[in-house]
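Trainee: Structure here, sequence nowhere to be found:
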């Protein structure tokens with residue numbers, strides 16, 4: 001086994017859980033289609049393939065029970081979300097012809113996440129600020145306003161269809177207000 005060199009055209013790509021799930025789902029479907037057309041029984045498989053099939057099925061089941069598998073995220077929606085997550089916070093939309101701002105939106109919200117952070121966010125699809133703080137290094141420095149952090153979670157919920165857990169501080173303030181009124 002030799003280490004990859006810088007600039008190697010065969011450098012490994014990072015895959016999200018959703019992409020791995022889709023790949024495994026395709027492999028299982030192809031395998032089932034070929035075994036049903038051949039009339040082969042699962043008991044007639046070579047032992048090495050039985051292990052491979054078991055591993056693939058186990059990984060698929062695990063990923064299917066993860067946030068990425070249990071959500072309604074579509075693989076086609078991922079590139080747009082990744083662009084938003086990776087874009088620097090003050091990036092603007094420039095017109096290709098004359099570098100003027102697009103009239104429909106002056107500033108595109110970006111978050112400036114690293115590749116690893118983007119991958120973790122896509123795999124875990126956080127729904128609370130606590131989860132977000134665990135996934136993104138120095139979140140309080142990079143996105144200091146709690147409202148912006150909640151916007152980030154709402155953006156993710158648009159793609160994952162998972163409900164965002166509101167900040168605990170807001171709930172505590174409401175309870176304190178109700179207690180004071182009584």
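Mentor: Cool, got the structure. All figures in this text were calculated on a predicted structure; none of them were measured in a lab. Residues are numbered from 1 along each chain as shown.

Trainee: What's the first helix or strand after the longest helix along the chain?
Mentor: Assignment by DSSP state H gives helix 17-38 as the longest helix of the chain. Following helix 17-38 in sequence order, the next helix or strand is helix 47-65 (DSSP states H and E).

Trainee: avg pLDDT for that next one?
Mentor: Across helix 47-65, pLDDT averages out at 86.

Trainee: Can you mark which positions in the next helix-or-strand element following it are buried?
Mentor: Past helix 47-65, further along toward the C-terminus, the next helix or strand under DSSP H and E is helix 67-70. Across helix 67-70, burial judged by 16 or more other CB atoms under 10 Å covers 67, 68, 69. C-betas here are computed from N, CA, C, even on glycine.

Trainee: C-terminal to helix 67-70, what's the next element?
Mentor: Downstream of helix 67-70 (by DSSP H and E), the next one is helix 78-86.

Trainee: Can you give me the distance of residue 158 to residue 83?
Mentor: According to CB to CB, to the nearest Å, residue 158 and residue 83 sit 14 Å apart.

Trainee: count of residues packed around residue 143?
Mentor: The tally of other residues near residue 143 (other CB atoms under 10 Å) stands at 19.

Trainee: Pull the contacting residues for it.
Mentor: For residue 143, the contacting residues are 89, 111, 136, 149, 152, by CB atoms under 8 Å, 6 or more residues apart in numbering.

Trainee: Put together CSV for the buried residues of helix 67-70, with distance to residue 76 on each row.
Mentor: Compiled in CSV, the buried residues of helix 67-70 are given as follows (distance: CB to CB, whole Å):
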residue, distance to residue 76
67, 19
68, 15
69, 17
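
Trainee: tell me which of these is nearest to residue 24?
Mentor: Distance to residue 24, by CB to CB, is smallest for residue 69 among the buried residues of helix 67-70, at 10.6 Å.

Trainee: Please verify my assumption that that closest one contacts residue 16.
Mentor: No - checked against CB atoms under 8 Å, the pair residue 69 and residue 16 is beyond contact range at 11.0 Å.

Trainee: sorry, back to before: pick out whichever of the buried residues of helix 67-70 sits closest to residue 129.
Mentor: residue 67 (15.9 Å).
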